[in-house]
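Chemist: sequence first, then the predicted structure:
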Amino acid sequence: MSTTPRVVVIGAGIVGANLADELTGRGWTDVTVLDQGPLPLTGGSTSHAPGLVFQTNASKTMSEFASYTVEKFLSLDSVLGGGDGAWCFNQVGGLEVATTPERLADLHRKQGWATARGIPAQVVDVDECARLHPLMDPTRILGGLHTPTDGLAKAARAVTALIRRAESRGAVFRGSTRVTGVAQQGGWVTGVETDQGLVPADIVVSCAGFWGREIGAMVGMRVPLLPLAHQYVFTGQVPDLAGRNDEAIEARLPILRHQDQDLYYREHNDRIGIGSYAHRPMPVSLAELPEVDDVSESRQPSMLPFTEDDFAPQWEQSRLLLPSLNDTKIDHGFNGIFSFTPDGGPLVGESADVAGFWIAEAVWVTHSAGVARSVAQLLVDGRSEIELHGCSVHRFEEFQLADDYVAETSQQNFVEIYDVVHPLQPKLSPREVRTSPFYARQTDLGAVFLEARGWERPQWYTANAPLVAELPTEWLPPTRDAWSARFHSPIAAVEAWKTRTAVAMYDMTSLTRIEVSGPGACAMLDRLVTGKMDKSVGSVTYTLALDEAGGIRSDLTVARLGPELFQVGANGPLDLEMLRRAAAEAGDVTVRDISGGTCCIGVWGPLARDLVQPLTSADLSHEGLKFFRCVQTEIGGIPVTAMRLSYVGELGWEIYTTAEYGQRLWDVLWRAGQAHGVVAAGRAAFNSLRLEKGYRSWGADMTTEHSPYEAGLGFAVRPSTKGDFVGRAAVTAEGAQDVARSLTCLTVDDGRSVVLGHEPVLVDGEPSGYVTSAAYGHTIGRPIAYAWLPAGLEPGTPVEIQYFGHPVRATVASEPLVDPEMARIRR
Ligand code: FAD
Ligand code: THG
């Protein structure tokens, strides 16, 4: 009898098969994989996937998933007996070509990501591109990015190998078994209903690919993915390829991307396969899927008929890049279906309502093994080695789960898939989804808005432009290169200057605010975080939520507003999910997202007290309301909560009220501020000031992959003040404080080169880490970059940041760069 949980996996595509393999590889033997289609070719997306694997990605997690897929699929060859005829991964390399200067520059940027992730890749000149891919017309291109370890996954064959290995360890695969429902009892999954009867289970994982929405709906889970069709074409025989390959080896040329035309290519023996993202987005409703009772390579429910007109321009473009195609024609094509999501990331996680029901969907072949390994680790060990915040199904705000939002943004992602996208580039639509009560005033002040989680957020205010002429010389920002100048304005310098020398108002409404209340609130929070929660009413605590291994799940501020009432300043929906789960377990705690019904203005700067004190009867003196204390009072007659803390590192308060009073609060503060030279300030200044102060941003600077000690947040871990908490054993273990890497503060030597994040950092000429956050430090007159680097680099150590292939010299600095004595805040 097996002692491991009974797991049912829905879907035997590349994700489900990998998951069964990863679970059984960890000793879980009671694994049943069900698929509605026949085995091993089920007719899902995997059954037709051409299997190009490009590893380099802006996301570190996605790159790591891909690299693991490469490594694993290479090793799978032997499961099928090895030999050229049975490869699961053909490491032909990857080549991405540029036909515009912008693309060529972007390939340098991408090369930087590869270096940062330890993936060997090189920007190569036209001659080398032509040597690597002799079918290409070299006069059409400007250069390329070559990644020798990329290649082709034979996805359908890998499924066969994975099934074989998983079965040898006890897994059971059942084809032609359609899941029709999910059985549950008392909030726990108990099995799945199928057209062949009930299959009992302790854990169910849906790996149903683009069918995932329907499976999720069986437990009331909203799965934000959209099935879209994407064109793939086979040419006839290409005479120039004749005799180069054979049926077994299939391909020798690198996989090729021609992103300026939204196209990619691979060899199929003596033919070329062409994929196109250039066509109109083609959303597919499951009702339109072809009924197929004899699934084969050419007939599958996931394949729609080829719409030739959509491909015509791309055929022309393909013949220009690869003139050998003039000697052949399109043989056939199809519109294949797979999943897109609002932000392009996969969807991984457990249902919030039905324990034991998990999903792993919207996953490419490229990332399949990596995602499956992480899900197996979550199930078996409770924690994934690779951090998953960009993959969690709970990363979305509620409005982002709406059908219209999913449809629009997923199609937009399809359109933009190969575009050069600036890290600050906001979505164009939908916009004005969430506006703070200050929106009208901000618009009047010429706010330039970017978007985050639906919120319109001022990046800077055009109304401050005249003040640029008043900037003291030492505050004048250097001119930027074209890329870092995008979505930026020198007005940010004014807003930073005013914050450090006078007073500024920041809209903090987009900060996720969660109310935690009830008899068990204090105890529940105390179990979740590293700081002491049972403090006096009016206390505010900066603290960390860890996972069991001591990785940082979030950094939070917790304000105690009453004996059983707390307000948590959080980092987004994942924190809400964490608190909701804990509350469900506690039973006597209520958790409410109050972000939308409330608003917040940060009033910060040396003159903040002069501005606010006259408006309130509360004593806002240094002694009257100490740093990290809060008070519920009135300002200008408006009920508010004022919290004395500042992410920008200045004297002042976050002032909260409910939404209906928001505009009035703004007006009262704004009017009173005129005498003190108040400005409205945006996120550009905000980000610069917080980096000067050394304040970390969760998700960018640290994640569950990092311990508090590595992240420089050990001060927030207070085991001696409290009882047990999640992660306690890990952070108090012997040696936990001896770290091998550190979040390190760098300043840029030339005083002007602003980097943006994700760039590789070289120490002694060796790639040693990567930039997390960066900004120009207006107060110190130099750009700042935080980076993960080997621990122990002394201040003064020279390093090099690679920016678009160019070296940017930087120096390790002791942090924080501004006000290490806290003199500006504590007065
Ligand atoms: P699937 O392979 O679709 O597996 C899901 C399974 O769930 C199916 O077998 C289905 O039958 C089963 N299922 C669904 N509902 C039920 C039910 N109710 N009961 C039982 N079983 C059910 N990716 C790359 O990485 N590189 C590429 O080059 C690439 N090219 C592509 C080209 C095209 C034309 C297309 C369409 C996609 C391409 N992809 C590529 C994407 C890739 O194919 C998919 O992302 C991947 O195959 C998804 O794998 P999966 O296991 O999640 O889904
Ligand atoms: N405001 C509120 N909540 C938040 C944030 C915020 N929660 C999420 C995120 N931002 C948390 N980040 C920080 C980072 C640093 C500080 C506050 C929130 C901070 N740190 C002091 C320091 O390190 O000097 C803490 C000192 C102490 O622990 O006493 O102020 O912006 N509401």
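Modeler: Looks like it arrived, so ask away. Ligands and ions are numbered 1, 2, ... in the order given.

Chemist: what sits up against stretch 317-334?
Modeler: 48, 97, 135-137, 140-141, 231-241, 258, 261, 263, 265, 271-272, 274, 278, 298, 303-306, 308, 311, 315 (Cβ atoms under 8 Å, 6 or more residues apart in numbering). To be clear about C-beta, it is placed using only N, CA and C from the backbone, and glycine gets the same treatment.

Chemist: please read the previous query as pertaining to stretch 466-486.
Modeler: 105, 422, 424-425, 488, 490-494, 496-498, 679, 751-756, 776, 778, 781, 804.

Chemist: put the buried members of the residues you listed into a PyMOL selection.
Modeler: Buried residues among the contacts of stretch 466-486 (16 or more other Cβ atoms under 10 Å), as a PyMOL selection:
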select buried, resi 105+488+490+491+492+493+494+496+497+498+679+752+753+754+755+756+776+778+781+804
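
Chemist: mind checking which of the contacts of stretch 466-486 are in strands?
Modeler: 679, 776 (DSSP state E).

Chemist: and the pLDDT for Ser2?
Modeler: For Ser2, the pLDDT comes out at 61.

Chemist: beta partners of Leu198?
Modeler: Glu193 (DSSP bridges).

Chemist: just to revisit the earlier point, filter the contacts of stretch 317-334 to the buried ones?
Modeler: 48, 97, 135-136, 140-141, 231-233, 235, 238, 240-241, 258, 261, 263, 265, 271-272, 274, 278, 303-304, 306, 311, 315.

Chemist: distance-wise, check Val7 relative to ligand 1.
Modeler: Using Cβ to the nearest ligand atom, to the nearest Å, Val7 is found at 15 Å from ligand 1.

Chemist: any weak-confidence spans in this structure?
Modeler: 1-2, 82-85 (pLDDT under 70).

Chemist: output the set of residues of it in proximity to ligand 1.
Modeler: 10-16, 34-37, 42-46, 49-52, 178-179, 207-209, 211, 215, 230, 232, 275, 302, 336-338, 361, 363-366 (Cβ under 6 Å from any ligand atom).

Chemist: among those residues, name the ones in helices.
Modeler: Counting by DSSP state H, the residues of the chain next to ligand 1 place 14-16, 215, 365-366 in helices.

Chemist: most widely separated two among these?
Modeler: Farthest apart among these by Cβ to Cβ are Ile215 and Thr366. That separation is 22.5 Å.

Chemist: ok, which of the contacts of stretch 317-334 also contact ligand 2?
Modeler: Counting by Cβ under 6 Å from any ligand atom, no member of these is near ligand 2.

Chemist: Arg165 and Glu22 touch, don't they?
Modeler: No: with contact defined as Cβ atoms under 8 Å, Arg165 does not count as touching Glu22 (10.4 Å).

Chemist: more crowded one of those two?
Modeler: The neighbour count for Arg165 versus Glu22, taken as other Cβ atoms under 10 Å, is higher for Glu22 (25 against 18).

Chemist: OK, contacts around the more buried one?
Modeler: Glu22 neighbours (Cβ under 8 Å, 6+ apart): 369, 372-373, 375-376.

Chemist: any chance of those in TSV, plus neighbour count?
Modeler: Listed next are the contacts of Glu22 as TSV, based on neighbours: other Cβ atoms under 10 Å:
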residue	neighbour count
Ala369	30
Ala372	31
Arg373	25
Val375	28
Ala376	24
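
Chemist: give me the subset of these that lies in helices.
Modeler: 369, 372-373, 375-376.

Chemist: ligand 2: which of these is nearest?
Modeler: Val375 (28.0 Å; Cβ to the nearest ligand atom).

Chemist: in the stretch 151-300 of the chain, what residue is nearest ligand 1?
Modeler: Ligand 1 sits closest to Gly209 of the stretch 151-300 of the chain, with a gap of 2.6 Å, by Cβ to the nearest ligand atom.

Chemist: count the residues that sit near the residue nearest to Gly538 when sequence neighbours are not counted.
Modeler: Counting by Cβ to Cβ, 6 or more residues apart in numbering, Gly538 lies nearest to Arg629, which is 5.3 Å off, once chain neighbours are set aside. Residue neighbour count, defined by other Cβ under 10 Å, stands at 17 for Arg629.

Chemist: I'd say Arg629 and Leu645 touch.
Modeler: No: the pair Arg629 and Leu645 fails to qualify as a contact (Cβ under 8 Å) at a distance of 9.0 Å.

Chemist: which neighbours do the two share?
Modeler: Common contacts of Arg629 and Leu645 (Cβ under 8 Å, 6+ apart): Val540.

Chemist: which residues in the stretch 501-650 of the chain form strands?
Modeler: 504-507, 512-517, 540-546, 552-562, 565-570, 590-593, 598-604, 630-635, 638-643 (DSSP state E, counting those that start in this stretch).

Chemist: in its sheet, what does the first one sit against?
Modeler: Read it as strand 504-507. Strand pairing for strand 504-507, using DSSP bridges, gives strand 598-604 (antiparallel), strand 679-681 (parallel).

Chemist: what's next to the last one, contact-wise?
Modeler: Read that as strand 679-681. 441-442, 445, 447, 458, 460-461, 463-464, 467, 494-496, 498-499, 502, 504-507, 670.

Chemist: so how far is ligand 2 from the closest residue to Ile638 other than its chain neighbours?
Modeler: Nearest residue to Ile638 in three dimensions, chain neighbours excluded: Tyr661, at 4.6 Å (Cβ to Cβ, 6+ apart). Using Cβ to the nearest ligand atom, Tyr661 is found at 18 Å from ligand 2.

Chemist: same check, this time on Trp788
Modeler: From Trp788 over to ligand 2 the distance is 18 Å, taken as Cβ to the nearest ligand atom.

Chemist: same deal with Asp555?
Modeler: For Asp555, the distance to ligand 2 - Cβ to the nearest ligand atom - is 5 Å.

Chemist: Asp419 too?
Modeler: 31 Å.

Chemist: any idea which helix or strand carries that residue?
Modeler: If you go by DSSP states H and E, Asp419 is not part of any helix or strand.

Chemist: can you list the strands that the one helix or strand Arg266 maps to pairs with?
Modeler: Using DSSP H and E, the element containing Arg266 is strand 263-268. Strand 263-268 has the following sheet partners, assigned by DSSP bridges: strand 255-258 (antiparallel), strand 271-276 (antiparallel).

Chemist: on that earlier part again, can I assume the residue of the stretch 151-300 of the chain closest to ligand 1 is in contact with Pro346?
Modeler: No: assessed by Cβ under 8 Å, Gly209 is found out of contact with Pro346, at 10.9 Å.

Chemist: quickly list what's touching both of those two.
Modeler: Going by Cβ under 8 Å, 6+ apart, residues that sit against Gly209 and also against Pro346 are 361-363.

Chemist: out of the residues you listed, which end up buried?
Modeler: Looks like these have 361-363 buried, using 16+ other Cβ under 10 Å.

Chemist: specify which member of these is nearest to Val284.
Modeler: Nearest member of these to Val284, counting by Cβ to Cβ, is Ala362, at 14.1 Å.

Chemist: correct me, but the closest one touches Trp211?
Modeler: No: if you go by Cβ under 8 Å, Ala362 and Trp211 don't touch, sitting 11.4 Å apart.

Chemist: mind listing what the closest residue to ligand 2 within the chain touches?
Modeler: Nearest residue of the chain to ligand 2, counting by Cβ to the nearest ligand atom: Gly569, 2.2 Å away. Taking Cβ under 8 Å, 6+ apart, we find Gly569 in contact with 511-513, 556-559, 654.
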